[in-house]
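In: from the sequence below, what's the structure:
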Amino acid sequence: VFTDPVLPCGQILAEHLSVPSVFFLRGIPCGLDFEATQCPNPPSYVPRLFTQNTDRMNFLQRVKNLIFDIPNYFLCDFVFQPYAKLASEFLQRDVTVLDLLRQASIWLMRLDFVLDYPKPLMPNIIVIGGVNCAHKK
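Out: Numbers count the residues shown, from 1 in each chain. Reported below is the predicted structural model:
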């Protein structure tokens, strides 16, 4: 199943049918993509979105980076709770969204090294193109 993990309905269907899934995404706001693939993504070293930090941070910038990362844990639980409930009812077992995302076979990530800092990626993550792949004349 070729799907977008932001709305995990495709992954619920793939889990029910026992078929492999391929994710195509730019990124999940809460960082669930890196948590599900077990990529190292420590808030003290990897700059977070909207902090305007670079890959070289002083102590106060690292603290700011950590503070920007804390609300993500609560936001993700609130946003993805209906999907976890739907998956648990449909699959007839207790399932979290993170469990569903961990079942992906391949992650096609649209990372652009102009906008994103290099970070370690797992072997099932394939970086494809950037934000816009069209060529201008």
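In: all contacts plus neighbour counts: C-alpha atoms, from now on.
Out: OK.
In: list the contacts of Gln11.
Out: Val1, Thr3, Pro5, Ser21, Leu100, Leu101, Ala104 (Cα atoms under 8 Å, 6 or more residues apart in numbering).
In: contact partners for the residue nearest the centre of the chain?
Out: In the chain, the centroid-proximal residue (Cα atoms, centre = their mean) is Asp33; its distance is 2.1 Å. Neighbouring residues of Asp33 by Cα under 8 Å, 6+ apart: Gly27, Leu101.
In: just to revisit the earlier point, the contacts of Gln11 into TSV, with extra columns for distance to Asn65, pLDDT and neighbour count?
Out: Below are those laid out as TSV (distance: Cα to Cα, whole Å; pLDDT from 0 to 100; neighbours: other Cα atoms under 10 Å):
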residue	distance to Asn65	pLDDT	neighbour count
Val1	35	90	16
Thr3	30	90	18
Pro5	25	85	23
Ser21	32	92	23
Leu100	28	91	19
Leu101	25	91	22
Ala104	29	91	22
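In: could you look up the SS state of Asn65?
Out: Three-state assignment for Asn65 (DSSP: H, G, I helix; E, B strand; the rest coil): helix.
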